[in-house]
Every structure is written in C-alpha cells, then in structure tokens.
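J.: here is my input; please provide its structure:
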Amino acid sequence: MERVSFYDHIAANKRNSVFLVLIVIIFMVFLGYLIGLILGSVLAGVMIAVSVSIFLTLIGVFSGDDIVLSASHAEPADKKQYANLVNTVEGLSIAAGIPMPKVYVIKDPTINAMAIGRNPKKASIAVTTGALEKLNRSELEGVIGHEMSHIKNYDVRFMMLTTILVGIVILLSDFFIRAFFYSGGDNDRKVPAVFLVFALVLAILAPIGGTLIKLAVSRKREFLADANGALLTRHPQGLANALKKIKEDGTNPSSTANKAIAHLYFSNPFKNGNLFSTHPDIDGRISRLESM
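T.: Numbering: from 1, shown residues only. Okay, here's the model as predicted:
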C-alpha cells in the first residue's frame, strides 16, 4: 500500500472541510433571500438570516462548553484517582505546545473521549471510564492525541459553528415555509411561479441537505484529527489499535451520549456507520493510520 504523509492528509482534509462549510453558508444566505421575497424586501430577509446567525453563534461560543459537559454527565478527574490520565493529557499538551486542557471523566463502559472548547486556552478533554479500563498506555495516548489535535486545530469551534449554521438553515427553512403558506402562496410581487415552486422545494430539502453536510464536515475533521494525533504521538499504530478495540468491543451503545453532541466524540457513540453517521467508517480510519 502506498504510504501517505501526515501533511498530505492534513492539507486535503482542511480544504474539503472549508469547502463543505461554505456550502452551508450559501444555503443560509439563499434562504434569507427567499424569506426576503415573501417579506417584500430581500435586504430584510438577509438581515434576518444574519441577525439570527450572530445571536445563536454567541450563545454557542460562550455557553456551549457547560452545556456539553452537563449533557454528557462529565465529572472533573481526580488527580490521584486518575493520575495516568491527567499525566498523559499534561504530557501531550506540552508536546502540542498548548495550555493543558481541563480533564474530565465520563462514567460510561464504552471506549470513547471528546474535546470541547472555543480555543486552546478554554478547552477540556473528557474520557470514558471504559477507555481508561480497556486501553493500554500507547492506545490511550493515541486517543488523547487525537482529541488534543481537535483543540490545537480549533476543530471543536469549527464543528460548533458548523452545527449552528446548519441549525440556522433548518430554522430559516421552516420560517420560509410557514411564511409561504401563511401568505396563501400569493404572488403579488410577480415572482415567476416556477421560481417560487423551486424555492419551496429547496426550503423543504434544505434541512436534510444541511444535516448531511454537517455530518460530512464531522467525518472530514475526524480524519484530520487522526492524522494530527498520529503526528503528535509519532505512533500511528497506537491510535489504530485503539480503533480496533472499539470495533471489537461488545459493550452496548453509550447511555450517556445524545445525538446532539455525538459528533464531538472520538468514535460514534451509537455505532451506526451509514450516511447519517457522525464519524467515518472505522475500517477506513484504521487503514489510513496504518498507511502512514
């Protein structure tokens, strides 16, 4: 198998991720334009889209961490009880050149972890008890290196913004559909009927497309974090072995995770690898790591 460099993986995933987020932004602006047609002012429609975007983004940026930690039932890691975990996070944060994130433990038998934070200075890493019990030192370092890469690359903030943008697309789409039917479908502004039908169909399909884009962005960022995490630890096989243990683990799907934050976890907490999965196929991740 042809060996691919870390930097090739990183560059390709960054390009693809930015492209996918741009598609979401275009969706949002176009829906604002459609709302403007119903309101009689395109400018008003776009301003609504922008105002809602700014408001929801600020909420996500300044309160998102606490919401995620509470939703996942994460508890601060005791330095004596979880000395190996705390020391591993500290060592890898030094290697990554970023401040040490706060460390949390999630009481869950599945093998998993997550990183949250709007920037490296305001970041946290949470690891499940299942990961602490079932992974050896090299594998745990691989998983934490992956999460550390999410923090260093601002992946968490990137995904948070993507999630918010998709949520806005869904909200604006619903607003447009309600406004259209509330107006009785009147076309006093002489907008071509074909265009209105197209706009209505697009508004109906936009939430589905937006959600698929969000999931695609999440999968791209996981590949990027795998590559960066392997670069950080200098041991891709450790991370690959952790993924193999997750694949072979017979533990039931996580009881502490929920679909709203599933994309933040190291691996899909619901173990459903399909079009609507928040993570790429686990075999694909293992193959990429072993090719490095």
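
J.: secondary structure class of residue 116, three-state.
T.: strand (DSSP: H, G, I helix; E, B strand; the rest coil).

J.: please name the bridge partners of it.
T.: Assessed by DSSP bridges, residue 116 has beta-bridge partners residue 124.

J.: for it, give its distance to residue 50.
T.: Distance, residue 116 to residue 50, by C-beta to C-beta, to the nearest Å: 26 Å. C-betas here are computed from N, CA, C, even on glycine.

J.: so if I had to pick from those two, which one is more boxed in?
T.: With neighbours defined as other C-beta atoms under 10 Å, residue 116 and residue 50 compare such that residue 116 has more, 29 against 14.

J.: pLDDT at the more buried one, what is it?
T.: pLDDT recorded at residue 116 is 87.

J.: for residue 200, same thing?
T.: With respect to pLDDT, residue 200 has a value of 67.

J.: wait, isn't residue 218 in contact with residue 159?
T.: Yes: with contact defined as C-beta atoms under 8 Å, residue 218 counts as touching residue 159 (6.2 Å).

J.: next, show the common contact partners of the two.
T.: Shared contacts of residue 218 and residue 159 (C-beta atoms under 8 Å, 6 or more residues apart in numbering): residue 263.

J.: the more surrounded of those two?
T.: Counting neighbours by other C-beta under 10 Å for residue 218 and for residue 159 shows that residue 218 has the greater number, 25 against 22.

J.: against residue 81, how distant is the more buried one?
T.: 32 Å.

J.: before we move on, what about residue 128?
T.: Distance, residue 128 to residue 81, using C-beta to C-beta: 15 Å.

J.: which of those two has more residues huddled nearby?
T.: residue 128 (28 against 10).

J.: can you count the residues close to residue 86?
T.: Residues near residue 86, counting by other C-beta under 10 Å, number 16.

J.: what do you get for residue 83?
T.: 11.

J.: then residue 266?
T.: Other residues near residue 266 come to 28 when the count uses other C-beta under 10 Å.

J.: ok, now which ones touch it?
T.: Neighbour list for residue 266: 112, 113, 114, 143, 146, 147 [criterion: C-beta under 8 Å, 6+ apart].
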